[in-house]
Structure formats: C-alpha cells, structure tokens
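Q: Predicted structure and sequence below. I'll ask about it afterward.
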Amino acid sequence: MNTLIKKTFIVAVATLSFSIAQAQTQFVTNEVRQFMSKGEQNGIEFVLNGVNQEDAKDAISKWGKKMKAKVTRDKKSPEIFIDNASMPTVSANTVDMYAVVSPIENGSKVTVYTDLGGAFVSSAAYASQYNALDVIMKKFAKDQAIILVEAQQKAEEKILKNLEGDLKGLKKDKDGYLKDIEEAKALIQKREQEIIKNDADQAAKQQQISLQQQIIETVNAKRATLN
C-alpha cells in the first residue's frame, strides 16, 4: 500500500474510532435548581453529545411543535419558550416549558423547566410528573443521538460510495493501460517484421544500385571509345 494512502487510511480509522467512542449511548438526567426568566426554579438537565448549540435549539423547536405548542425563540435570550405543549403523561392540561441550551465541549447541555400552570415541576413536589418528564427527556436525548448517528452513517456511506467509484475508475484505467500495452506489443511485433523486411529490401536495393553502377560504367566506357 502506498505510504501516503496508508497514513491517510490510519488517520481516517483513528478519526472514526474517536467519533464512535464519543457517540452517546447513556442518557442521564439531573434535577437542578437554577435561575431562569421566571426566577429560581427546578428543572431537568441533560447532555446532547456531538450536537452543537444551534442544532440542539432547532431540535427542541421541532420537538415543541410536535407537541402542538407555540415555540418562541429570541436571539437575545438563551431560552426557548414552548407555550401550551400537550404532554398527556405529565398533565391532562397543556404545560409551558422553558428550554435553555448551553454549549459544552463536544456537545450541548439542555435544561428544561416545566410550568404546570402556576407551579414548576420538581421531584419533591410533583414526583409522578417529574418521573414522566424524566422519561420524555431521556427519549428526546436518545432520539437526537439516533439522528446524529444516522447522519454520520449516511456521511460514511457516501464516502464509501465515492471510494467504490474511485476503485471502479482505477480498474477502468488499468484495463485501458493493459489494452494500450497489448496494442503496443502488437505494434512492436509488426514493426519488428517490417524491420526484417526493410533490411531485406535495403539489401536488394543495394544490389540493384551496384548493378546500375556497373551498367553506367559500361555505358561510360562505350561512350569514351566514340571520341
């Protein structure tokens, strides 16, 4: 294997191995109490590995709309407001949610605060609602991990398709080279036979020239006798 190609292959394998190692397979949530737009409230925090801040915000917005909520994003605010979300396992009524997405190394951290309508969900005051939210958040995180891996899978499959195309092209080139070689061999063989014939033709022509020179000498001698 060509040294440069070998080094490139090793780097690619190492990069892929690192990417696979970073893939999220465990989805853990933590209850936090922090300040947000509605004061100090309890929320659920989780991490999305490999998902940047903007992609995480987009995912949360789509998620909110799937729950038939009105989603409000303000570039000046770190919060995404999900108004009147339908979450039957949490509440028979719609709920308001506030999602804060923060960038972290190799991903994003998401903190979601859920307002039942005058009171925010906490594990102490609303255990069943909190547990239902915990399941939902873990599923959301897992869904994002699946989307990320599927995107990576498509990207790797595209690379494979390109590599296979390159290999097909190389094989076609080789067939062309072999054809050129065979044609060159045939031409060489033809030229070798033509050289043999050419040598014979030259020898015959040289004999004709010698004979013609003798004829001219004879004619010249005859002419001299007529002076």
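A: Alright, I've got the coordinates.

Q: hang on, isn't residue 53 packed against residue 101?
A: Yes: Residue 53 is in contact with residue 101 according to C-beta atoms under 8 Å; the separation is 5.5 Å. All C-beta atoms are positioned from the backbone trio N, CA, C, and that covers glycine.

Q: the more surrounded of those two?
A: residue 101 (24 against 17; other C-beta atoms under 10 Å).

Q: so the more buried one sits in a strand?
A: Yes: looking at residue 101 with DSSP: H, G, I helix; E, B strand; the rest coil, it is inside a strand.

Q: List the beta-bridge partners for it.
A: Per DSSP bridges, the residues bridged to residue 101 are residue 110.

Q: how about it, what does it touch?
A: By C-beta atoms under 8 Å, 6 or more residues apart in numbering, residue 101 lies in contact with 53, 56-57, 60, 78, 80, 108-110.

Q: 6 Å instead, please
A: By C-beta atoms under 6 Å, 6 or more residues apart in numbering, the contact list for residue 101 reads 53, 56-57, 108, 110.

Q: In strands, which of these fall?
A: 108, 110 (DSSP state E).

Q: Residues in contact with both of residue 53 and residue 101, list them for me.
A: By C-beta under 6 Å, 6+ apart, residue 53 and residue 101 have these common neighbours: residue 108.

Q: Mind splitting this structure into its structural domains?
A: Domain assignment for the chain by automatic domain parsing gives 25-154, 173-227.

Q: what would the ones you listed look like in a markdown table with distance to residue 166?
A: Shown next, in a markdown table, are the domains of the chain (distance: least, C-beta to C-beta, whole Å):
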| stretch | distance to residue 166 |
| --- | --- |
| domain 25-154 | 19 |
| domain 173-227 | 10 |
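
Q: and those domains, which is most packed in?
A: Using mean count of other C-beta atoms under 10 Å, the stretch among the domains of the chain with the largest mean neighbour count is domain 25-154, at a mean of 16.

Q: what is the mean pLDDT for the lengthiest helix in the chain?
A: Looking across the chain with DSSP state H, the single longest helix is helix 127-224. Helix 127-224 comes out with an average pLDDT of 96.

Q: which helices and strands does that helix pack with?
A: strand 39-49 (3 or more C-beta pairs under 6 Å, 6 or more residues apart in numbering; DSSP states H and E).

Q: Could you list the residues in contact with the strand it packs on?
A: Against strand 39-49 from outside (C-beta under 6 Å, 6+ apart): 24, 29-30, 32-33, 56, 106-113, 120, 122, 133, 137, 141, 144.
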